[in-house]
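Enquirer: below: sequence and its predicted model.
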There are 2 protein chains.
Amino acid sequence: MTISPAAPAFDKPARPDAEALAAVTLALTRQFGNRTVTSQAVREQHGHTLTWVANQPPDVVVYPETTEEVATIVRLCAIHRVPMIPFGTGTSLEGHVNAPFGGVSIDTSLMKRVVAVHAEDLDCVVEPGVTRKMLNEHLRDQGLFFPIDPGADASLGGMASTRASGTNAVRYGTMKDNVLSITAVLPNGEIVKTARRARKSSAGYDLTRLLIGAEGTLGVITELTLRLHGIPEAVSAGVCSFPSIKAACDVTIATIQSGLPVARIELADAAQMRAINIYSKLSLPEQPMLFVEFHGTHAGVREQAERFGEIAAEYGGGAFEWATKPEDRTRLWQARHDAYWAAHALRPGAKSLSTDVCVPISRLAECVEDTQADIAATGLLAPIVGHVGDGNFHVLPLFDADDPDEVAKVSAFVERIVERALAMEGTCSGEHGIGQKKMKYLPMEHPPATLDAMWAIKRALDPLNIMNPGKILPS
Amino acid sequence: MTISPAAPAFDKPARPDAEALAAVTLALTRQFGNRTVTSQAVREQHGHTLTWVANQPPDVVVYPETTEEVATIVRLCAIHRVPMIPFGTGTSLEGHVNAPFGGVSIDTSLMKRVVAVHAEDLDCVVEPGVTRKMLNEHLRDQGLFFPIDPGADASLGGMASTRASGTNAVRYGTMKDNVLSITAVLPNGEIVKTARRARKSSAGYDLTRLLIGAEGTLGVITELTLRLHGIPEAVSAGVCSFPSIKAACDVTIATIQSGLPVARIELADAAQMRAINIYSKLSLPEQPMLFVEFHGTHAGVREQAERFGEIAAEYGGGAFEWATKPEDRTRLWQARHDAYWAAHALRPGAKSLSTDVCVPISRLAECVEDTQADIAATGLLAPIVGHVGDGNFHVLPLFDADDPDEVAKVSAFVERIVERALAMEGTCSGEHGIGQKKMKYLPMEHPPATLDAMWAIKRALDPLNIMNPGKILPS
């Protein structure tokens, strides 16, 4: 920032000094009793486990039950300059909940009330520890559902924080599109509510979207108002094999361009299909496969499935099998549902790493094919699945985490995937977020002035740099 | 913000001193020749005209042609601390483009190139001066369209800045949902690009959404990447009268809750229908009327229209007339298209003011009916139209702008509408924005900590308070 007064004091993140930490721990223990935990096991559980990022446990874990309790914790940490790490279910994939500078993990798992469901308004108010499956269980009787479905049964606070999406995003959008309002405690301990319950508003800066995807670096989310959708009257699902990734991607483009309101359109590549066959003792064609789902009226989903079948046939698709009965749909989609575990069947005992990039859909076939060529040249086992309607795909390299050579090879491979996506006007993360592990790619994705602006916002809202420090923005 | 270091220097907005203004004017004239204009007529045209807000002309109007030229202008103004006001078509409604502290109006009307259309990706890149009609004209041959349609043929930069929506928002979302990326010049003269061209991303703070709705107070938008949609294969449109506002709103709720993907659902109240009859010499029932439109396949839009007809009948709707041929659809919707001009037929020569609030849809009937009672009690002529699928409605009081009593009466009435919407968990603006005229309502809508956070962001990105000062945030 060139034409600005001197930036305000902004701390480099640091471990709290022992005295500050002791004071905070004591105060938390006095106030929250056995909801303040310092055991090694619980602390390690709150550092990172789901990737190869080393576990960096917090010093203390505290389990607040209300927004006001979160505010108390945040104020206490701010006074003593102790880092805080908001924690949902710990299922994020890029080291988001690690505590590189120690401090206090604020675990929201006790904040799991569905506060209100407004069926007429198609919205609900939830605490951040409610998981997506808990919420959908709660809503089912009312004929409503919340569509965002990352792989894990993540907490809604965490899903907002990582701007999560999943298989339904092509039809229903991502977390950014399905949150109406957020209550959060800012790093200074103040409680903000970002918006009213109206479905749209032009009243001031969009703090809702600023907190969504901020990965807990700008505050702790303590309540969310979510948009809901009616459970569709009918659902049709289908699967179809293709001679090439290109053909499968061209069908995806044609489907979306034709205005077919596909609810899900998922790709599995040949390696993934081979894994499925091993895992489930099946003999599906080991070719790229599309899994599709349509939501609507009975007549509507039939028409949509038939249209899709016609498009698939035009591009050389194999037999398009589709169904509307729940048990038949489940059978058709089983291979997709099993994808993650099936992949591990390719190399039992191996560690895996789920990468995540997203490119404009016109570049998707090229990006996936180049990645497959890279996999072959590198000699990796790495099946691919993709939310292809959005141009988003995941590669799951399987490797021996104890073999430094393999780790180095996979690391370089992941870096090449990101570079490939960026070279195609894509992003280094479609839905997993940046955390610790993708920080180095952010300057490759955004020009320096854009990162400067993000830093300016971080400094403005967290001048002490104590809210999930060492994440997203590389220093 | 309690626990923060001292806030950075932040200027109260002020008129530039004469020397600074002269220096900027001279430099702009040297660089941009006759694209720098200081004539009274052009300056006044760039102050505000579309509401009763007094015209506050800028000192200079400049017409840049490129992002780099905008950056040059912004840096020059920043050095001399001269206020800047980004300008699109001047069709905003709350005093957004007025220049209360003088300064330089940056008119983007020469930046009107459609830079690229990526049909396969359903996106395009445009300069900010492209209007929505220009864009749709450009796209038509490719079977694509951009759905956001505020009343005016506004510029896309301006539409992003006010977080505009319109009649299609219930199906296609608002500007917040249809912009993928923004290039902008920040108040310090740096050029940011907020995102890549991927359809979704979790890579860093959502600067795209931060600039959308910021009304030019955080920077000048110089390029936008927009999401496009395929022109639907078929469209059906229909109209239906209802015995009460309540019945029309209940039908709207039932329609949306049933998952019918209505593309447009617009309400006109009895006063608006009376205006239509006067204006167009018709004899439509002077009862609340819903105008609906469905997009999809031929079979799909027929099914949707029939379903809607069934729902309408359940709630006591009159004959539901619908059509799919363009000329028949136009005839059915003519009354809605003429609403604005027809309203003025109720009182020829009167000035009007378009208010804008939005409430949760379950409260809409109550909010509209209470407003009608208020209109009757106050003795106003004020027809109502609404984008009711979103819970958004406009009231158009007609009044004599030269009669201070009438102006006071209308002013108090508008204030009561806002208070009513806020009391129902709604917002003081669904789509017009805050500008100057609604600043006083922002503290009624948001708690102090939320406004503090907005101010913190404003201070961080515009520490000199020279980018469209005196808008949105009340000081």
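Expert: Yes, it's here.
Enquirer: now the helices for the stretch 301-450 of chain A?
Expert: Counting by DSSP state H, counting those that start in this stretch, one finds helices in the stretch 301-450 of chain A at the ranges A:326-337, A:339-345, A:364-378, A:404-423, A:442-445, A:448-461.
Enquirer: reformat the ones you listed as JSON lines; add mean neighbour count and mean pLDDT.
Expert: (Glycine included, C-beta is placed from N, CA and C.) Formatted as JSON lines, the helices of the stretch 301-450 of chain A follow (neighbours: other CB atoms under 10 Å in any protein chain shown; pLDDT from 0 to 100):
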{"stretch": "helix A:326-337", "mean neighbour count": "15", "mean pLDDT": "92"}
{"stretch": "helix A:339-345", "mean neighbour count": "20", "mean pLDDT": "93"}
{"stretch": "helix A:364-378", "mean neighbour count": "18", "mean pLDDT": "98"}
{"stretch": "helix A:404-423", "mean neighbour count": "17", "mean pLDDT": "96"}
{"stretch": "helix A:442-445", "mean neighbour count": "18", "mean pLDDT": "97"}
{"stretch": "helix A:448-461", "mean neighbour count": "21", "mean pLDDT": "97"}
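Enquirer: figure out which of the ones you listed is closest to chain B.
Expert: Among these, helix A:448-461 comes nearest to chain B, with 3.5 Å by CB to the nearest CB.
Enquirer: sorry, back to before: now tabulate the helices of the stretch 301-450 of chain A in TSV and tack on distance to chain B.
Expert: TSV is the format used below for those (distance: least, CB to the nearest CB, whole Å):
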stretch	distance to chain B
helix A:326-337	18
helix A:339-345	19
helix A:364-378	10
helix A:404-423	7
helix A:442-445	5
helix A:448-461	4
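Enquirer: distance to residue A:232 added to those, as JSON lines?
Expert: Listed next are the helices of the stretch 301-450 of chain A as JSON lines, based on distance: least, CB to CB, whole Å:
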{"stretch": "helix A:326-337", "distance to residue A:232": "12"}
{"stretch": "helix A:339-345", "distance to residue A:232": "24"}
{"stretch": "helix A:364-378", "distance to residue A:232": "27"}
{"stretch": "helix A:404-423", "distance to residue A:232": "32"}
{"stretch": "helix A:442-445", "distance to residue A:232": "36"}
{"stretch": "helix A:448-461", "distance to residue A:232": "38"}
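Enquirer: among those helices, which comes closest to residue A:150?
Expert: Closest approach to residue A:150 among those is made by helix A:339-345 (11.8 Å; CB to CB).
Enquirer: low-scoring stretches of chain A, by residue?
Expert: Where chain A drops to pLDDT under 70, the residues are A:1-9, A:49.
Enquirer: what number of residues lie near residue A:435?
Expert: Neighbour count of residue A:435, defined by other CB atoms under 10 Å in any protein chain shown: 25.
Enquirer: now it: closest residue in space that isn't a chain neighbour?
Expert: Leaving out its chain neighbours, the residue that sits closest to residue A:435 by CB to CB, 6 or more residues apart in numbering or on different chains is residue A:94, at 3.0 Å.
Enquirer: return the backbone torsion pair for the one you found.
Expert: For residue A:94, the backbone dihedrals are phi -120, psi 30 (criterion: degrees, to the nearest 10).
Enquirer: the stretch 1-150 of chain A: helices as residue ranges?
Expert: Secondary structure of the stretch 1-150 of chain A (DSSP H, counting those that start in this stretch): helices at A:18-32, A:40-46, A:67-80, A:132-139.
Enquirer: re earlier: select, out of the helices of the stretch 301-450 of chain A, the one closest to residue A:84.
Expert: helix A:448-461 (13.3 Å).
Enquirer: nearest residue to residue A:134 in space, please, no chain neighbours.
Expert: Once flanking residues are discounted, residue A:134 sits nearest to residue A:112: 6.8 Å by CB to CB, 6+ apart.
Enquirer: next one: residue A:249
Expert: Leaving aside its chain neighbours, residue A:249 sits nearest to residue A:365 (3.8 Å; criterion: CB to CB, 6+ apart).
Enquirer: now for that neighbour: which residues touch it?
Expert: Residues in contact with residue A:365, defined by CB atoms under 8 Å, 6 or more residues apart in numbering or on different chains, are A:245, A:246, A:248, A:249, A:250.
Enquirer: number of residues surrounding the last one?
Expert: Look at residue A:250: counted by other CB under 10 Å, it has 20 neighbours.
Enquirer: try residue A:34
Expert: Counted with other CB under 10 Å, residues neighbouring residue A:34 total 7.
Enquirer: ok, of the contacts of residue A:365, which one's closest to residue A:160?
Expert: Out of the contacts of residue A:365, the member with the shortest distance to residue A:160 (by CB to CB) is residue A:249, at 30.1 Å.
Enquirer: isn't residue A:87 right up against residue A:99?
Expert: No. If you go by CB atoms under 8 Å, residue A:87 and residue A:99 don't touch, sitting 9.6 Å apart.
Enquirer: need the residues touching each of the two.
Expert: Contacts common to residue A:87 and residue A:99, judged by CB under 8 Å, 6+ apart, are A:46, A:105.
Enquirer: more neighbours: which of these two?
Expert: Taking other CB under 10 Å, residue A:87 and residue A:99 do not tie; residue A:87 has more neighbours (30 against 27).
Enquirer: got the contact list for that one?
Expert: A:46, A:61, A:97, A:105, A:106, A:107, A:108, A:109, A:158.
Enquirer: the same query, at a cut-off of 6 Å, please.
Expert: Neighbour list for residue A:87: A:46, A:97, A:105, A:107 [criterion: CB atoms under 6 Å, 6 or more residues apart in numbering or on different chains].
Enquirer: export those residues to JSON lines and tack on distance to residue B:22 and neighbour count?
Expert: JSON lines is the format used below for these (distance: CB to CB, whole Å; neighbours: other CB atoms under 10 Å in any protein chain shown):
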{"residue": "A:46", "distance to residue B:22": "61", "neighbour count": "25"}
{"residue": "A:97", "distance to residue B:22": "56", "neighbour count": "32"}
{"residue": "A:105", "distance to residue B:22": "58", "neighbour count": "27"}
{"residue": "A:107", "distance to residue B:22": "61", "neighbour count": "26"}
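Enquirer: hang on, the earlier thing: just the helices of the stretch 1-150 of chain A: most buried one?
Expert: helix A:67-80 (a mean of 21; mean count of other CB atoms under 10 Å in any protein chain shown).
Enquirer: which residues are in contact with that helix?
Expert: A:20, A:23-24, A:27, A:62, A:64, A:84, A:104, A:106, A:185, A:189, A:191, A:220, A:222, B:3.
Enquirer: put the alpha carbons of that helix into CSV.
Expert: Output in CSV follows, covering the C-alpha atoms of helix A:67-80 (Å, rounded to 0.1, in the frame of the first residue of the first chain):
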residue,chain,number,x,y,z
THR,A,67,-21.7,-16.6,21.9
GLU,A,68,-21.1,-14.7,25.2
GLU,A,69,-18.7,-17.4,26.4
VAL,A,70,-16.8,-17.2,23.1
ALA,A,71,-16.6,-13.4,23.6
THR,A,72,-15.2,-13.9,27.1
ILE,A,73,-12.6,-16.3,25.8
VAL,A,74,-11.6,-14.0,22.9
ARG,A,75,-11.3,-10.9,25.2
LEU,A,76,-9.2,-12.9,27.6
CYS,A,77,-6.8,-14.1,24.9
ALA,A,78,-6.7,-10.6,23.4
ILE,A,79,-5.7,-9.0,26.7
HIS,A,80,-2.9,-11.6,27.1
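Enquirer: first vs last residue of stretch A:237-256, how far apart are they?
Expert: Using CA to CA, to the nearest Å, the end-to-end distance of stretch A:237-256 comes to 16 Å.
Enquirer: picking that back up, strands - which of the contacts of residue A:87 land there?
Expert: A:105, A:107 (DSSP state E).
Enquirer: pull the most distant pair out of the contacts of residue A:87.
Expert: Every pair of the contacts of residue A:87 checked by CB to CB; the farthest is A:97 and A:107, at 9.5 Å.
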